[in-house]
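**Student:** kindly generate the corresponding structure for this input.
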Amino acid sequence: MASVLQDGGGRGLQPNEVTLVPVVSAIGQMGLLPLGRRVHQYVAEGGVRVSVKLANALIDMFGKFRCVASAREVFDSMAVKDVYSWTTMVNVYGKCGDLETAALLFEDMPKRNAVSWSCMVAAYSQANQPEEAIRLFKQMVEQGIEPINATLVSVLSACAQLGCLDLGRWIYDTYVITGKAVLTVNLGNALIDMYAKCGDLHAASKLFTEMAERNVVSWNSMVMAHAMHGQSEQVLCLFKQLKGTYIVPDEITFLGLLSACSHSGLVSEGRRYFEEMKLAYGIVPKAEHYACIIDLLGKSGLLEEAFEVAQGMPVEAGEAGWGALLHACRMHGNLEIGECAADKLVKLDPSDSGIYVLMCQIYASKNKWDQVKMLRMLMRDRGVKKNPGCSSIEVDGKFHEFLVADVSHVHSEDIYAALKNIYIHLELEGYVPLT
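**Tutor:** Take a look at the predicted model:
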């Protein structure tokens, strides 16, 4: 690249900044980092005038390769920066997980546009910081910045993570119903996912039916939504409909199918789908698919077969697979296989209190109190503590968290009084709690 390019007439032609902008963009898309560095070196050594557009393209290219230092070097060397320069650099830090630096740079921006805000909202949402994503989105709206579709997709993902149904509905009413945002496939999928994870399956199904265009993600969102709520009949019906379209199911589709079969104990159907994904669609099962099969067989009491699957997997069963088997052993009181599964899990994560708790329950069901005592002593010696259960609820846009036996909430007395009233009515209806 640093050498002159020869045309058909033998004349030396130097690439200029206009030529290099699409070249640099293509290098980033094709993953050709060594060539990208050669281009950068050529530019840095004065081989071509560095325009703002070329510098922005270089920052974006290095960002795609996660070369943060190189991207920042180009950014810092720019005499003039536009809003795209700042936004691209913020996006580089965000995608590489350095949210602190991204936020500092975002605050220093002399001017921001909707894309700038969208980058930060997306960065927080993708980094499992949904509260920050929603906070920033609300700040964006308060400042009169109209969100773009990418912003809405990111904040809807944050709503799904938090169970923030009210805000999700507000976004749909404010931007989709009014026509301020175009209901693209991506935005529709984000809304379906949000509705499903927030428990509003009716709204998710209605939107899915009304969508003019769907892709495999749309179908997967509905399959996973029904599977999550244990509605296996709807999952199987959806899969049958999907097979009648031009869309090809993928590994996520079958994960939802197998999960639904596991929820409802559909052993023969689960076995059939597991074979179908391999033979009919050429999908290589991952650890998650095997974990669903182990869970399905285990819950159905086929513990020996589930154990054979876990042992014979081409990949390590991992915490999901062995954990599913241990839960099944606790359910059916199988001590021998339970001990094997627990040994595997302890090697993977010795600090997981759930392993010890489940084994204590299995030992207790067999009246092996010495082993229960030994496990509790082992937990104490290893410093393993059971994390208290935590629940959260959204009321008028605010989130309230509750721990086990929590009395810190300002309305604790009223809450416990309401719970006591519920228990009384349950007992009158003949409910007997599992202990």
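**Student:** residue contacts, the residue nearest the centre of the chain?
**Tutor:** Central residue of the chain (C-alpha atoms, centre = their mean): Gln126, 7.5 Å from the mean position. Contacts for Gln126 (C-beta atoms under 8 Å, 6 or more residues apart in numbering) come out as 94-95, 154, 157. For glycine as for every other residue, the C-beta is placed from the backbone atoms N, C-alpha and C.
**Student:** so Phe402 is in which element?
**Tutor:** Element membership for Phe402, per DSSP states H and E: strand 398-403.
**Student:** ugh, wrong one, I meant Val384
**Tutor:** If you go by DSSP H and E, Val384 is not part of any helix or strand.
**Student:** right, and it touches Gly354 too?
**Tutor:** No. The pair Val384 / Gly354 is not scored as a contact, 9.9 Å apart, by C-beta atoms under 8 Å.
**Student:** so the two - more neighbours on which side?
**Tutor:** Val384 (19 against 16; other C-beta atoms under 10 Å).
**Student:** ok, that one to Pro350 distance?
**Tutor:** 8 Å (C-beta to C-beta, to the nearest Å).
**Student:** what about the longest helix seen in the chain, distance to the chain center?
**Tutor:** Scanning the chain for the helix with the most residues, using DSSP state H, yields helix 412-428. On the basis of C-alpha atoms, centre = their mean, to the nearest Å, helix 412-428 sits 36 Å off its chain's mean C-alpha point.
**Student:** tally of neighbours for Glu132?
**Tutor:** With neighbours defined by other C-beta under 10 Å, the count for Glu132 comes to 18.
**Student:** make that Ser351, sorry
**Tutor:** Using other C-beta under 10 Å, Ser351 has 11 neighbouring residues.
**Student:** what do you get for Lys366?
**Tutor:** A count of nearby residues for Lys366, using other C-beta under 10 Å, gives 12.
**Student:** which residues of the stretch 101-250 of the chain score low on pLDDT?
**Tutor:** By pLDDT under 70, the stretch 101-250 of the chain has no low-scoring segment.
**Student:** returning to that earlier point: and which of the contacts of Gln126 is nearest Val217?
**Tutor:** Closest to Val217 out of the contacts of Gln126 is Ser157 (12.5 Å), distances taken as C-beta to C-beta.
**Student:** list the contacts of the closest one.
**Tutor:** Each residue near Ser157 by C-beta under 8 Å, 6+ apart is listed here: 125-126, 130, 133, 190, 193-194.
**Student:** same check on Tyr273?
**Tutor:** 254, 257-258, 261.
**Student:** run the last query once more with 6 Å
**Tutor:** Contact analysis of Tyr273 by C-beta atoms under 6 Å, 6 or more residues apart in numbering lists Leu257.
**Student:** and the gap between it and Met224?
**Tutor:** With C-beta to C-beta as the criterion, Tyr273 and Met224 are 15 Å apart.
**Student:** isn't Trp86 right up against Met109?
**Tutor:** Yes. Counting by C-beta atoms under 6 Å, Trp86 does reach Met109; the two are 4.6 Å apart.
**Student:** tell me which of these two has more neighbours.
**Tutor:** Looking at Trp86 and Met109 with other C-beta under 10 Å, you find the greater number of neighbours at Trp86, namely 23 against 17.
**Student:** list the contacts of the strand or helix carrying that one.
**Tutor:** If you go by DSSP H and E, Trp86 is part of helix 83-95. Residues external to helix 83-95 that are found in contact with it (C-beta under 6 Å, 6+ apart): 56, 59-60, 63, 71, 75, 101-102, 105-106, 109, 111, 113, 115-116, 119, 123.
**Student:** then stretch 158-174?
**Tutor:** The contact list for stretch 158-174 (C-beta under 6 Å, 6+ apart) reads 125, 130, 133-134, 152, 156, 193-194, 197-198, 394.
**Student:** starting at the chain centroid, how far to that stretch?
**Tutor:** On C-alpha atoms, centre = their mean, the centre of stretch 158-174 falls 16 Å from the chain's centre.
**Student:** what about that stretch, how long is it end to end?
**Tutor:** 17 Å (C-alpha to C-alpha, to the nearest Å).
**Student:** can you tell me the closest non-neighbouring residue to Arg214?
**Tutor:** Val185 (6.8 Å; C-beta to C-beta, 6 or more residues apart in numbering).
**Student:** now Ser116
**Tutor:** Nearest non-adjacent residue to Ser116 (C-beta to C-beta, 6+ apart): Thr87, at 4.5 Å.
**Student:** confidence score at that neighbour?
**Tutor:** Note on Thr87: pLDDT of 95.
**Student:** which stretches of the stretch 51-200 of the chain form helices?
**Tutor:** Here the stretch 51-200 of the chain has its helices, by DSSP state H, counting those that start in this stretch, at 52-64, 68-77, 83-95, 99-108, 114-126, 130-142, 149-162, 165-171, 185-197.
**Student:** distance to Ala310 added to the ones you listed, as a markdown table?
**Tutor:** Output for the helices of the stretch 51-200 of the chain, formatted as a markdown table (distance: least, C-beta to C-beta, whole Å):
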| stretch | distance to Ala310 |
| --- | --- |
| helix 52-64 | 39 |
| helix 68-77 | 40 |
| helix 83-95 | 36 |
| helix 99-108 | 38 |
| helix 114-126 | 32 |
| helix 130-142 | 34 |
| helix 149-162 | 30 |
| helix 165-171 | 37 |
| helix 185-197 | 29 |
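**Student:** between these, which one is closest to His40.
**Tutor:** helix 52-64 (5.9 Å).
**Student:** and the contacts of stretch 158-174, which two are furthest apart?
**Tutor:** Leu152 and Glu394 (18.8 Å).
**Student:** which one of the two is surrounded by more residues?
**Tutor:** More crowded of Leu152 and Glu394, by other C-beta under 10 Å: Leu152, with 26 against 16.
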